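K.L.:
Fold the stuff below for me.
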Amino acid sequence: MTEDRKRLFLVQVRGLVADERDLHYADFQDGALGPHMDVTPIVPTFSGIATPLSSLLEMCKPLTECTHAVFHASDEFQATVPVGDLGQALLLFQQDGEPLKKGFPVRLLVPDGSSDCLNVKSVVRIEFVKHTAPEQEATFGFKNMVSPAEL
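P.N.:
Model prediction:
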(Lines give C-alpha, C1' and ligand atoms only; values in the text may rest on other atoms or scores of the structure.)
Protein backbone atom coordinates (compact mmCIF):
# COMPACT_ATOMS: atom_id res chain seq x y z
CA MET A 1 0.00 0.00 0.00
CA THR A 2 2.84 2.43 0.80
CA GLU A 3 4.34 2.00 -2.67
CA ASP A 4 0.93 2.78 -4.21
CA ARG A 5 0.70 5.97 -2.14
CA LYS A 6 4.18 6.99 -3.21
CA ARG A 7 3.32 6.31 -6.85
CA LEU A 8 0.01 8.24 -6.65
CA PHE A 9 1.50 11.19 -4.76
CA LEU A 10 1.15 14.35 -6.88
CA VAL A 11 0.87 18.02 -6.01
CA GLN A 12 0.59 20.39 -8.97
CA VAL A 13 1.88 23.97 -8.73
CA ARG A 14 0.29 26.26 -11.31
CA GLY A 15 -0.57 29.87 -12.07
CA LEU A 16 1.49 33.02 -11.67
CA VAL A 17 4.85 31.36 -11.08
CA ALA A 18 8.07 31.37 -13.07
CA ASP A 19 8.31 27.57 -12.84
CA GLU A 20 5.19 25.39 -12.77
CA ARG A 21 5.85 21.99 -11.22
CA ASP A 22 4.41 18.54 -10.66
CA LEU A 23 5.74 17.49 -7.26
CA HIS A 24 6.07 13.85 -6.27
CA TYR A 25 6.81 12.16 -2.96
CA ALA A 26 10.53 11.99 -3.76
CA ASP A 27 10.65 15.79 -4.15
CA PHE A 28 9.51 16.10 -0.55
CA GLN A 29 11.29 13.08 0.91
CA ASP A 30 14.69 13.74 -0.69
CA GLY A 31 14.78 17.32 0.56
CA ALA A 32 14.47 19.10 -2.79
CA LEU A 33 11.90 21.26 -1.01
CA GLY A 34 14.04 22.55 1.80
CA PRO A 35 14.59 21.26 5.32
CA HIS A 36 12.47 18.60 6.96
CA MET A 37 10.82 19.73 10.17
CA ASP A 38 8.98 17.94 12.97
CA VAL A 39 5.64 19.79 13.10
CA THR A 40 4.74 18.92 16.71
CA PRO A 41 6.73 21.79 18.33
CA ILE A 42 5.11 24.25 15.88
CA VAL A 43 1.57 22.84 15.69
CA PRO A 44 1.11 20.60 18.77
CA THR A 45 -2.11 19.01 17.48
CA PHE A 46 -0.22 17.42 14.56
CA SER A 47 2.65 14.99 14.25
CA GLY A 48 4.83 14.19 11.30
CA ILE A 49 7.38 15.69 8.98
CA ALA A 50 6.81 18.83 6.94
CA THR A 51 8.70 21.17 4.70
CA PRO A 52 8.37 24.94 4.89
CA LEU A 53 6.18 26.39 2.16
CA SER A 54 8.90 29.01 1.71
CA SER A 55 11.04 26.35 -0.01
CA LEU A 56 8.23 25.79 -2.54
CA LEU A 57 8.05 29.56 -3.09
CA GLU A 58 11.81 29.63 -3.74
CA MET A 59 11.52 26.73 -6.18
CA CYS A 60 8.54 28.00 -8.18
CA LYS A 61 9.12 31.75 -7.84
CA PRO A 62 5.68 33.43 -7.73
CA LEU A 63 5.54 36.44 -10.03
CA THR A 64 5.39 39.94 -8.54
CA GLU A 65 1.72 40.39 -9.51
CA CYS A 66 0.72 37.28 -7.52
CA THR A 67 -1.35 38.22 -4.45
CA HIS A 68 -2.78 34.89 -3.24
CA ALA A 69 -2.27 31.14 -3.28
CA VAL A 70 -5.28 28.88 -3.73
CA PHE A 71 -4.91 25.45 -2.14
CA HIS A 72 -7.19 22.94 -3.87
CA ALA A 73 -8.05 19.77 -1.96
CA SER A 74 -9.09 16.46 -3.48
CA ASP A 75 -12.59 16.80 -1.96
CA GLU A 76 -13.23 20.17 -3.72
CA PHE A 77 -12.43 22.19 -0.61
CA GLN A 78 -10.21 25.17 -1.28
CA ALA A 79 -8.53 27.88 0.73
CA THR A 80 -7.32 31.18 -0.68
CA VAL A 81 -4.48 32.61 1.37
CA PRO A 82 -2.70 35.96 0.89
CA VAL A 83 0.92 35.32 -0.07
CA GLY A 84 1.96 37.45 2.91
CA ASP A 85 0.39 34.88 5.29
CA LEU A 86 2.53 32.02 3.96
CA GLY A 87 5.81 32.91 5.68
CA GLN A 88 5.43 30.31 8.45
CA ALA A 89 3.24 27.87 6.49
CA LEU A 90 4.21 24.20 6.27
CA LEU A 91 3.38 21.29 3.99
CA LEU A 92 2.97 18.13 6.08
CA PHE A 93 3.80 15.15 3.86
CA GLN A 94 4.93 12.27 6.08
CA GLN A 95 3.98 10.46 9.30
CA ASP A 96 5.83 7.50 10.75
CA GLY A 97 8.23 7.48 7.80
CA GLU A 98 5.42 6.99 5.25
CA PRO A 99 3.17 9.20 3.10
CA LEU A 100 0.19 10.59 4.98
CA LYS A 101 -2.79 8.29 5.48
CA LYS A 102 -5.14 11.12 6.49
CA GLY A 103 -4.69 14.24 4.42
CA PHE A 104 -2.83 12.58 1.51
CA PRO A 105 -0.85 13.77 -0.38
CA VAL A 106 -0.03 16.90 1.68
CA ARG A 107 -1.68 18.96 4.38
CA LEU A 108 -1.22 22.72 4.52
CA LEU A 109 -0.60 24.09 8.02
CA VAL A 110 -0.63 27.86 8.58
CA PRO A 111 0.23 28.30 12.27
CA ASP A 112 0.00 32.10 12.33
CA GLY A 113 -2.32 32.98 9.44
CA SER A 114 -5.20 35.45 9.50
CA SER A 115 -7.84 32.79 8.84
CA ASP A 116 -9.79 30.44 11.10
CA CYS A 117 -8.91 27.74 8.56
CA LEU A 118 -5.34 27.02 9.57
CA ASN A 119 -5.02 23.66 7.85
CA VAL A 120 -6.20 22.15 4.60
CA LYS A 121 -5.99 18.39 4.13
CA SER A 122 -5.45 16.50 0.88
CA VAL A 123 -3.97 19.38 -1.11
CA VAL A 124 -3.52 18.26 -4.72
CA ARG A 125 -3.00 21.62 -6.45
CA ILE A 126 -1.54 24.97 -5.43
CA GLU A 127 -2.47 27.81 -7.74
CA PHE A 128 -0.88 31.25 -7.51
CA VAL A 129 -3.28 34.00 -8.57
CA LYS A 130 -3.84 37.74 -8.62
CA HIS A 131 -6.98 39.18 -7.08
CA THR A 132 -7.92 42.61 -8.40
CA ALA A 133 -9.20 43.62 -4.94
CA PRO A 134 -7.02 41.58 -2.58
CA GLU A 135 -8.76 40.50 0.60
CA GLN A 136 -7.00 41.18 3.88
CA GLU A 137 -7.76 37.71 5.19
CA ALA A 138 -7.82 34.19 3.87
CA THR A 139 -11.05 32.62 2.62
CA PHE A 140 -12.05 28.99 2.49
CA GLY A 141 -14.90 26.64 1.62
CA PHE A 142 -16.14 24.00 -0.74
CA LYS A 143 -16.46 24.73 -4.44
CA ASN A 144 -19.99 24.37 -5.68
CA MET A 145 -19.43 22.20 -8.73
CA VAL A 146 -22.82 21.95 -10.43
CA SER A 147 -23.04 21.39 -14.14
CA PRO A 148 -25.76 23.14 -16.18
CA ALA A 149 -27.37 19.72 -16.78
CA GLU A 150 -27.81 19.24 -13.01
CA LEU A 151 -29.74 22.52 -12.56
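
K.L.:
average pLDDT across the biggest strand by length in the chain?
P.N.:
In the chain, assigned by DSSP state E, the strand with the most residues is strand 119-129. Across strand 119-129, the average pLDDT comes to 95.

K.L.:
Centroid-nearest residue for this structure?
P.N.:
Centroid check for the chain by Cα atoms, centre = their mean gives residue 108 as the closest residue, at 4.5 Å.

K.L.:
which stretches of the protein aren't confidently modelled?
P.N.:
Where the chain drops to pLDDT under 70, the residues are 1, 113-117, 133-151.

K.L.:
Can you show me the strands along it?
P.N.:
Using DSSP E, strands in the chain cover 11-15, 21-23, 37-38, 49-52, 68-73, 77-82, 90-95, 98-99, 106-109, 119-129, 139-142.

K.L.:
just checking, what packs against the longest one?
P.N.:
Read that as strand 119-129. When contacts are defined as 3 or more Cβ pairs under 8 Å, 6 or more residues apart in numbering; DSSP states H and E, strand 119-129 packs onto strand 11-15, strand 68-73, strand 77-82, strand 106-109. Heads up, the C-betas are built off the backbone N, CA and C, glycines and all.

K.L.:
Each with direction, which strands does it pair with?
P.N.:
strand 11-15 (parallel), strand 68-73 (antiparallel), strand 106-109 (antiparallel) (DSSP bridges).
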